[in-house]
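> 3D, please:
(chains A and B)
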Amino acid sequence: MHAVRFSIVALLAAASKVEFSFVRDEVEVTDSMLSKQISILEQAGYIKVHKGFVGKRPRTWLSLTRDGKRVFERHLVALRDIAGADGVQRGLHSRVG
Amino acid sequence: MNEMAPTPDEARAALAKANSQRALVRKADREFRWILIVVAAVYVVVAGLLSITFPRRGSPLAGTVALLVVAGGLAAVVVLGRRVRAYSTGGIVWYVVAIATFLLWNLAVTGVSLGSGWWSPKQPSYHFAISEAVGAIPLVVAAWLFGRR
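Next up is the predicted model:
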């Protein structure tokens, strides 16, 4: 998964809802970059965009869809497998070596 | 999301990133504790003000100050609520449970205070403040637990 998209999804996976500016600040990307990545993830059906107002200020909140959560969990399992398999291989090498 | 498989090092880095993102949301949840602290503070201060003038030495000044404290507290809660930029399901559940516990606990404290005669015209007015301070305990505990998340 694209590194920025992974960071965005990982942040949303841990949260119920996250404000756009929070994601931007924590993932350390520009507004336009984040908007672009959000569009891609939204089109894929992985995230939901909620627009609203706090007083007169517009606010955009983001959340992961059920599908997004499922895909991210699968992705994490695959990552653990890769990281774990390497650990097993290293263990074998160290024992053989 | 179908891209080249990452190397084991990349996989470990990605897992570490996922963990750090989770920690960020937990940290963001801590904003709720300030709301709980403000509510507890307003509750105790207003109870203190009322107990000073309660029951027969009514003072319009104390009433006005109490109203100002409540208004200030409400404004602070709104400002603090706007500062919440991310929250987890666990965080919002904790917050709701804290408020519900506070309300139920208060009901119990009020019942015991009245039933035991701790609150009665014959008792000193500071009894009221003490009961209300005890009533605010769930908010203080919840705020402390939020800080430890």
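> check contacts around A:Val4.
Applying Cβ atoms under 8 Å, 6 or more residues apart in numbering or on different chains to A:Val4 gives the contacts A:27, A:29, A:33, A:37. In this view, the C-beta of every residue, glycine as well, is placed from N, C-alpha and C.
> tell me, how many residues neighbour the first one?
When neighbours are defined as other Cβ atoms under 10 Å in any protein chain shown, A:Val27 has 20 of them.
> picking up where we left off before, now, among the contacts of A:Val4, which is nearest to B:Lys17?
Nearest to B:Lys17 among those, counting by Cβ to Cβ, is A:Val27 at 10.1 Å.
> the closest residue to the closest one other than its chain neighbours: which element?
Closest residue to A:Val27 apart from its sequence neighbours, by Cβ to Cβ, 6 or more residues apart in numbering or on different chains: A:Ser7 at 4.6 Å. Element membership for A:Ser7 (DSSP states H and E) is helix A:3-13.
> any part of the helix or strand just after that helix near chain B?
Next in sequence after helix A:3-13, counting helices and strands by DSSP H and E, comes strand A:17-19. Yes - for a cut-off given as Cβ under 8 Å from any Cβ of the partner chain, strand A:17-19 has contacts with chain B, namely A:17-19.
> could you tell me which ranges of the chain sit under the pLDDT cut-off?
Defaulting to chain A. For chain A, the stretches with pLDDT under 70 are A:1, A:85-97.
> actually it's chain B I care about, not the one you picked
Residues of chain B meeting the criterion pLDDT under 70: B:1-3, B:54-59.
> what sits up against the helix or strand hosting A:Ile40?
Under the criterion of DSSP H and E, A:Ile40 resides in helix A:31-43. By Cβ under 8 Å, 6+ apart, the residues outside helix A:31-43 that reach it are A:2, A:4-5, A:8-9, A:20, A:23-24, A:27, A:29, A:47-49, A:62, A:68.
> wait, B:Ile52 touches B:Ala62, no?
Yes - in this structure, B:Ile52 is within contact of B:Ala62 by Cβ atoms under 8 Å, at 5.9 Å.
> hmm, back to that, what about the residue nearest to A:Val27, distance to B:Ser20?
Plainly put, A:Ser7 is 9 Å away from B:Ser20 if you go by Cβ to Cβ, to the nearest Å.
> so those two - more neighbours on which side?
Shown here are A:Ser7 and B:Ser20; by other Cβ under 10 Å, A:Ser7 has more neighbours (22 against 14).
> can you pull the contacts of that one?
A:26-27, B:17, B:21.
> can you check B:Val70 too?
By Cβ under 8 Å, 6+ apart, B:Val70 lies in contact with B:42, B:46.
> can you confirm it is in a helix?
Yes - per DSSP: H, G, I helix; E, B strand; the rest coil, B:Val70 lies within a helix segment.
> interface residues of chain A facing chain B?
Residues of chain A lying near chain B (Cβ under 8 Å from any Cβ): A:1-2, A:5-7, A:10-11, A:13-19, A:21-22, A:26, A:44, A:54-55, A:71, A:75-76, A:78-80, A:82-83, A:85-87.
> returning to that earlier point: got a list of contacts for the helix or strand just after the helix holding A:Ile40?
Next helix or strand after helix A:31-43 toward the C-terminus (DSSP H and E): strand A:47-54. Contact partners of strand A:47-54, identified using Cβ under 8 Å, 6+ apart, comprise A:8-9, A:12, A:17, A:38, A:41-42, A:58-65, A:68, B:82.
> filter those residues down to the buried ones, PyMOL style.
To isolate the buried ones among the contacts of strand A:47-54 in PyMOL, judged by 16 or more other Cβ atoms under 10 Å in any protein chain shown, type:
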select buried, chain A and resi 8+9+12+17+38+41+60+61+62+63+64+65+68
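> so A:Thr30 sits against A:Val23, correct?
No - using Cβ under 8 Å, A:Thr30 is not in contact with A:Val23; the gap is 11.8 Å.
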